[in-house]
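# Test case, fold it:
(one chain, ligands or ions: 1)
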Amino acid sequence: RAITAQSMNVQPRDETRMQSITDIITDTFSSAIAAAFPDITDPPVVIALSGSNPKFGDYQCNSAMPLANIYKQLGKRIAPRDIGQKIIENVQPHELIEKLEVAGPGFINIFISKNYGTKSLATIFEYGVRPPSISKRHRVLVDFSSPNIAKEMHVGHLRSTIIGESICRLLEYLGHNVIRINHVGDWGTQFGMLIAHLKDKFPNYSVESPTISDLQAFYKESKNRFDEDEEFKKRAYASVVKLQSFDPEHKKAWELICDVSRKEFQKIYDRLDVRLTERGESFYQTRMESIVKELDAAGFLELDDGRKVMWGDGTIPMTIVKSDGGFTYDTSDIAAIKHRLYEEKADWLIYVTDAGQATHFQILFGCAKRIGLLDERIHRVDHVGFGVVLGEDKKKFKTRSGDTIRLLDLLDEGLKRALEKLKEKERDKVLTPEELKEAQESVAYGCIKYADLSHNRNHEYVFSFDKMLDDKGNTAVYLLYAFTRIKSIARNANFTAEKIKELSKTHQISLEHEKEWKLGKVLLRFPDVLLKITRDLCLHHLCEYVYEVATTFSEFYDNCYCIEKDSSGDIVRVNYGRILLTEATALVLEQGFYILGLKPVSKM
Ligand code: ARG
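Below is the predicted model:
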């Protein structure tokens, strides 16, 4: 059958979006399979990336075997290879597809077209690296970081902060409407004792704001009194009640304490370049009061030993009202989920906490469904759990003396170690003091974030500065160096960004050499990697991807010259197509880095 431009499925290019190859192949094969086997409803469309052997093509369609099984159950025997052949015959020509062949027992190997690759990558120079299309623009609320006031912000909160920030950046990039919420623990019973202690230590706190430099110590002092002094304990309880009924004097004391914590948290967010809106548990007080009344009236609450509980679908209920009439973490989450879905009008909720809270969220979602708040046909909810952070001794991450590690100390340690690393590489001899400081921060914060994100979040991970500062393997240090090297190639040939843009109008990106084409195909996969992460919210896919980009680039660079110099070091020839490929690589990496929170520097 002759292929003409008219019969060829050439989609109009959307300048704001990059195409997902997997989507195109899936659509093409869905239609082909439906046309070839109209008697099967909902036939399986299985598309996968081929292995590393180029003989098997770039992608595969593996639907023939499951289809043969379906026919077998219907009493018809068809060889999978014949099914594969019939699918191929029904594939509408598409500019993306170069060649198709049936292999082995019925796999279809799909070879993608260089011509398509050239055109697709060229759009990067015209419009930049863009996200793939999304079927719906969601309003997503991401609840992350969420430390507790006056208590330690620990490595678990750091993990939540890092993962949450990256998820927000990804979803924003894809074009969703993202609301970043810091659900701080600012309303618990700890405030009773903190306020009572504040009143004793700083009696005129309402006129003269005390400076509590060490809130942790202050917390410990009040906790000791709470545990030992009955009279104090009574006053602490009375203080919570007063606070929760918004008594102005108690509210003032509470604000003072929250402010101290808030400033500490903010230092961490600033250093890690994290943006968040604080909306703590206290925000929901009046909403908790009303939802409890509603639930009670509708008969959802059961009495249990003086408490009021509600069952979702699990084996433990939520405690909605304590026996002393107070509210709990559960109550605030029930009130918050309603607020988020109906007042914020979010249709996608994401909660980033340690995996230990998985049951809590499962029960929360179950209850929200039972009440009729959550409807999974229109809402998506995800608990993004993560494993614990371990020390190098594989035990819970603690200081030598067994205390929880202060996050600011940890970041400082990172800075110190990053500087040592740069000095070891003698970078202090070539960089200006400003450049060195920039590189130090980039490496320190980059390595902490990247070590976290590059591990599958579902597993626990060992926090090791030695490992994260290694310049070999899948680490931030390796990637940041690789990136600076890639950027320097065009710079050394005197190509500015504008000049490259001009160049792209007259020259084509070069994909002829085997290693060029290999790199080009990796770059073309970027949209698919992002779409995959929207499904499971696992950022390590992106880390694996940027690492693959960097290593494939170095394979290309080792085999293909971009700039030829003579013996005196003068440039005699520049391969423009390869300069373009190099720049496209840098742009894709840059976008990936942004999502991962890595800040590359131009010199390091
Ligand atoms: N403050 C809680 C903690 O430290 C995390 C809150 C997470 N968000 C939520 N809506 N429950 O464990």
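# helix, strand or coil for the residue nearest to residue 163 when sequence neighbours are not counted?
With sequence-adjacent residues excluded and distances taken as C-beta to C-beta, 6 or more residues apart in numbering, residue 163 is closest to residue 352, at 5.4 Å. (C-beta placed from N, C-alpha, C; glycine too.) Three-state call for residue 352 (DSSP: H, G, I helix; E, B strand; the rest coil): strand.
# Residue 352 contacts residue 384, doesn't it?
Yes. The pair residue 352 and residue 384 qualifies as a contact (C-beta atoms under 8 Å) at a distance of 4.5 Å.
# So these two - more neighbours on which side?
Counting neighbours by other C-beta atoms under 10 Å for residue 352 and for residue 384 shows that residue 352 has the greater number, 27 against 23.
# list the contacts for that one?
142-145, 160, 163-164, 167, 384, 386 (C-beta atoms under 8 Å, 6 or more residues apart in numbering).
# Out of those residues, which are close to the ligand?
Filtering the contacts of residue 352 for proximity to the ligand (criterion: C-beta under 6 Å from any ligand atom) leaves residue 143.
# from the contacts of residue 352, which is closest to residue 412?
residue 145 (19.6 Å; C-beta to C-beta).
# Could you name the residue of this protein that is farthest from its center?
residue 231 (48.2 Å; C-alpha atoms, centre = their mean).
# so what's residue 18 up against?
120, 123, 129-132, 526-527.
# Of these, which is the nearest to residue 189?
residue 131 (44.7 Å).
# Next, count neighbours for that closest one.
Using other C-beta under 10 Å, residue 131 has 21 other residues around it.
# swap in the one 10 residues further on?
Summarising burial for residue 141: neighbours were counted as other C-beta under 10 Å, giving 24.
# Am I right that it is in contact with residue 350?
Yes. Assessed by C-beta under 8 Å, residue 141 is found in contact with residue 350 at 7.1 Å.
# in whichever strand or helix holds residue 363, what's buried?
Taking DSSP states H and E as the criterion, residue 363 maps to helix 358-371. Using 16 or more other C-beta atoms under 10 Å as the test for burial, helix 358-371 gives 360-361, 363-369, 371.
# and if you look at stretch 581-592?
Buried residues in stretch 581-592 (16+ other C-beta under 10 Å): 581-592.
# Touching it from outside, list them.
121, 124-125, 128-129, 173, 479, 482-483, 486-487, 489-490, 495, 500, 509-511, 516, 519-520, 523, 526, 542, 545-546, 549-550, 553, 556-557, 562, 600.
# Restricted to helices, list the contacts of residue 18.
Applying DSSP state H to those, the entries found in helices are 120, 123, 526-527.
# most surrounded residue in those?
Result: residue 526 is most packed of the ones in helices among the contacts of residue 18 (other C-beta under 10 Å), 26 neighbours.
# can I assume that one is in contact with residue 129?
Yes. Using C-beta under 8 Å, residue 526 is in contact with residue 129, at 7.0 Å.
# thinking residue 215 is in contact with residue 263, fair?
No. Counting by C-beta under 8 Å, residue 215 stays clear of residue 263, with 9.8 Å between them.
# Quick check on these two: which one has the bigger neighbour count.
For residue 215 and residue 263, the more surrounded residue by other C-beta under 10 Å is residue 215, and the numbers stand at 19 against 10.
# Spatially, which residue comes closest to that one, not counting chain neighbours?
residue 260 (4.8 Å).
# Is there proximity between the helix or strand containing that neighbour and the ligand?
Taking DSSP H and E as the definition, residue 260 sits inside helix 248-272. No. Helix 248-272 lies out of reach of the ligand by C-beta under 6 Å from any ligand atom, never closer than 11.8 Å.
# Pick out the residue of the stretch 201-350 of the chain closest to the ligand.
Closest to the ligand within the stretch 201-350 of the chain is residue 333: 5.1 Å, counting by C-beta to the nearest ligand atom.
# What segments of the stretch 251-400 of the chain are strands?
Here the stretch 251-400 of the chain has its strands, by DSSP state E, counting those that start in this stretch, at 277-278, 302-304, 307-310, 318-321, 348-354, 380-386, 389-390.
# Please identify the most buried of the ones you listed.
The highest mean neighbour count among the strands of the stretch 251-400 of the chain, using mean count of other C-beta atoms under 10 Å, belongs to strand 348-354: a mean of 23.
# hmm, stretch 347-366 touching the ligand?
Yes. Applying C-beta under 6 Å from any ligand atom, one finds stretch 347-366 touching the ligand at 351, 353.
# Give me the common contacts of residue 352 and residue 384.
Listed contacts common to residue 352 and residue 384 are 163-164, 167; contacts here mean C-beta under 8 Å, 6+ apart.
# which one of the residues you listed is nearest residue 455?
Looking across these and measuring by C-beta to C-beta, the closest to residue 455 is residue 163, at 10.5 Å.
# Arrange the shared contacts of residue 352 and residue 384 in JSON lines, one row each, with secondary structure as further columns.
Shown next, in JSON lines, are these (three-state DSSP):
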{"residue": "163", "secondary structure": "helix"}
{"residue": "164", "secondary structure": "helix"}
{"residue": "167", "secondary structure": "helix"}
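# re earlier: would you point out the most distant pair within the contacts of residue 18?
Largest separation among the contacts of residue 18 by C-beta to C-beta: 120 and 131, giving 14.2 Å.
# what's the spacing between the spatially most central residue of the chain and residue 545?
Centroid-nearest residue in the chain, with C-alpha atoms, centre = their mean: residue 167, separated by 3.1 Å. Per C-beta to C-beta, to the nearest Å, residue 167 is found 16 Å from residue 545.
# One more: residue 415?
For residue 415, the distance to residue 545 equals 28 Å [C-beta to C-beta].
# Give me the more crowded residue out of these two.
Legend: neighbour count by other C-beta under 10 Å for residue 415 and residue 545, higher for residue 545 (21 against 16).
# so where's this structure shaky on pLDDT?
Low-confidence segments of the chain, defined by pLDDT under 70: 1-13.
# try 80
Along the chain, the parts satisfying pLDDT under 80 run over 1-14, 152, 209, 211-213, 314, 400.
# Now do the SS call for residue 544.
helix.
# That one reaches residue 479, doesn't it?
No. Counting by C-beta under 8 Å, residue 544 sits too far from residue 479 to count as a contact (11.6 Å).
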